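Peer 1: Based on what follows, work out the 3D shape:
(one chain, ligands or ions: 1)
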Amino acid sequence: MTEGKNLIPVFDGHNDVIGRYFKAGITYDFFQRNEAAIAHIDLPRAKEGGFVGGFFATYAGEKPKKRAKKRDWSEYATEKGYSVPLPKPLKQGDAAEQINAQMAKLFQIERESAGGLKITRTTSEIETCIQNGTLAAILHIEGVEAIDTNLNALEVYYQAGLRSLGPVWSRANAFAEGVPFAFPVSPDTGPGLTDAGKALVKACNQLGVMIDLSHLNEAGFWDVAKLSNAPLVATHSNVHAICPSTRNLTDKQLDAIKESDGMVGLNFAVGFLREDGGNDVDTPMTLLVRHIDYLVERLGIDRVGFGSDFDGATMPAELNEVSKVQNLVEALRKAGYDDEALRKIAHQNWLRVLRKTWKAE
Ligand code: ZN
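Peer 2: Now for the predicted structure:
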């Protein structure tokens, strides 16, 4: 933490900063201060905002040359919103090539940071990082196409430092199927886990790898709920009753998360916050507070956190880079959350759930 500044440390459930490096045409230095339009997160602005760490996602997509054009949801408008079809599946080899490159980038950043960033494998490592002002990064895979159905790659990635994974992003893979991006639509969009997906859940439980439910369709969610012995966690999803996106959680899902003593990380993406589902940066902080209020009411104060989606989505103007993350803390304070509650939401709840999920403290 920055000396002398009374910032509440923020530990966050999801960012795509590593993927940002690999977006066509984007080059920047993680150790220098960048503009919000280039990237939401870098080390100087993380320090400025009291952002102490979080889940750093690696993600494999279609290769840029194969991607016909930038995804534009307006092409998929429906009468009341939008409905984007599921993207085509990826080959394991293509996915592994991308995931390995992204993991390698994060390891290089760690090495070059000279103590500025550390890939953390235990909760005590995260706590030490927070005390020392080192940015704590949890290695996460969002959509595990890179892992073979024999789960050999899972073992290897675990040894490399992987401590969290989402079985799917949006596209279907050998393990499960994600929700297509659609609004206003229920997350009950397709089939549940495959046999390989069920084996993956068991293997994650045994290793102590956190399973992220964000992006899974409802059938997959309930399969994990039935099989997993770990707390249920959605790292970056919001309230379906407020914003009926497929990416958000129904009341029934929230109840199951509470029952398991898991948690939800609030996604700052405007499209998953707004009642109209629109991609509008003019989205007030009071709306984020409304989602938090709802989650706290439904789950309890110990089961709610942040899951920004920085560098992976359109952020509200007042929260469009990591240096501004205290704006959300302040909005919550104004809404009546005291210091103790703010510390739980801002970082302690993530540590609580990880202590219950990981094998080593
Ligand atoms: Zn995501």
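Peer 1: residues making contact with stretch 80-88?
Peer 2: 61-62, 71, 73-74, 76, 170-172, 177-178, 180-185, 277 (Cβ atoms under 8 Å, 6 or more residues apart in numbering). For glycine as for every other residue, the C-beta is placed from the backbone atoms N, C-alpha and C.
Peer 1: repeat that for 6 Å
Peer 2: By Cβ atoms under 6 Å, 6 or more residues apart in numbering, the surrounding residues in contact with stretch 80-88 are Trp73, Tyr76, Arg171, Pro180, Phe181, Ala182, Phe183, Pro184, Gly277.
Peer 1: What ranges does the chain have for its strands?
Peer 2: 10-15, 51-58, 82-83, 117-119, 135-142, 162-166, 182-183, 210-211, 233-234, 263-266, 304-306 (DSSP state E).
Peer 1: got JSON lines for those, with distance to Ile26, mean neighbour count and mean pLDDT too?
Peer 2: Output for those, formatted as JSON lines (distance: least, Cβ to Cβ, whole Å; neighbours: other Cβ atoms under 10 Å; pLDDT from 0 to 100):
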{"stretch": "strand 10-15", "distance to Ile26": "15", "mean neighbour count": "28", "mean pLDDT": "98"}
{"stretch": "strand 51-58", "distance to Ile26": "16", "mean neighbour count": "27", "mean pLDDT": "98"}
{"stretch": "strand 82-83", "distance to Ile26": "25", "mean neighbour count": "18", "mean pLDDT": "95"}
{"stretch": "strand 117-119", "distance to Ile26": "19", "mean neighbour count": "20", "mean pLDDT": "98"}
{"stretch": "strand 135-142", "distance to Ile26": "18", "mean neighbour count": "25", "mean pLDDT": "98"}
{"stretch": "strand 162-166", "distance to Ile26": "23", "mean neighbour count": "26", "mean pLDDT": "98"}
{"stretch": "strand 182-183", "distance to Ile26": "27", "mean neighbour count": "22", "mean pLDDT": "97"}
{"stretch": "strand 210-211", "distance to Ile26": "28", "mean neighbour count": "23", "mean pLDDT": "98"}
{"stretch": "strand 233-234", "distance to Ile26": "28", "mean neighbour count": "28", "mean pLDDT": "99"}
{"stretch": "strand 263-266", "distance to Ile26": "25", "mean neighbour count": "29", "mean pLDDT": "99"}
{"stretch": "strand 304-306", "distance to Ile26": "24", "mean neighbour count": "28", "mean pLDDT": "99"}
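Peer 1: follow-up on the earlier one: which of the contacts of stretch 80-88 lies closest to Ala234?
Peer 2: Phe181 (15.9 Å; Cβ to Cβ).
Peer 1: Identify the residue nearest the closest one in space, chain neighbours excluded?
Peer 2: Val84 (4.4 Å; Cβ to Cβ, 6 or more residues apart in numbering).
Peer 1: What distance do you get for the one you found to Gly271?
Peer 2: Using Cβ to Cβ, to the nearest Å, one gets 11 Å for the distance from Val84 to Gly271.
Peer 1: what about these two, which has more around it?
Peer 2: Gly271 (24 against 16; other Cβ atoms under 10 Å).
Peer 1: Please name the residues that touch that one.
Peer 2: Contacts for Gly271 were tallied using Cβ under 6 Å, 6+ apart; they are Gly277, Asn279.
Peer 1: Show the pLDDT at it.
Peer 2: Looking at Gly271, its pLDDT is 97.
Peer 1: How about the one 5 residues further on?
Peer 2: If you check Asp276, the pLDDT there is 97.
Peer 1: Buried by neighbour count: which residues of the lowest-mean-pLDDT helix or strand in the chain qualify?
Peer 2: Taking mean pLDDT, DSSP states H and E as the measure, the helix or strand of the chain with the lowest value is helix 17-21, at a mean of 93. Buried residues in helix 17-21, defined by neighbour count with 16 or more other Cβ atoms under 10 Å: Val17, Ile18, Gly19, Arg20, Tyr21.
Peer 1: how many other residues sit next to the residue nearest to the second one when sequence neighbours are not counted?
Peer 2: The shortest distance from Ile18 to any residue other than its chain neighbours is 4.8 Å, reached at Gln102 (Cβ to Cβ, 6+ apart). For Gln102, the tally of surrounding residues (other Cβ under 10 Å) stands at 23.
Peer 1: Same check on Asn327?
Peer 2: Other residues close to Asn327 by other Cβ under 10 Å number 16.
Peer 1: what's the distance between the nearest residue to it once chain neighbours are set aside and Asp29?
Peer 2: Distances taken as Cβ to Cβ, 6+ apart place Glu318 nearest to Asn327, at 5.1 Å, with adjacent residues excluded. Distance from Glu318 to Asp29, counting by Cβ to Cβ: 26 Å.
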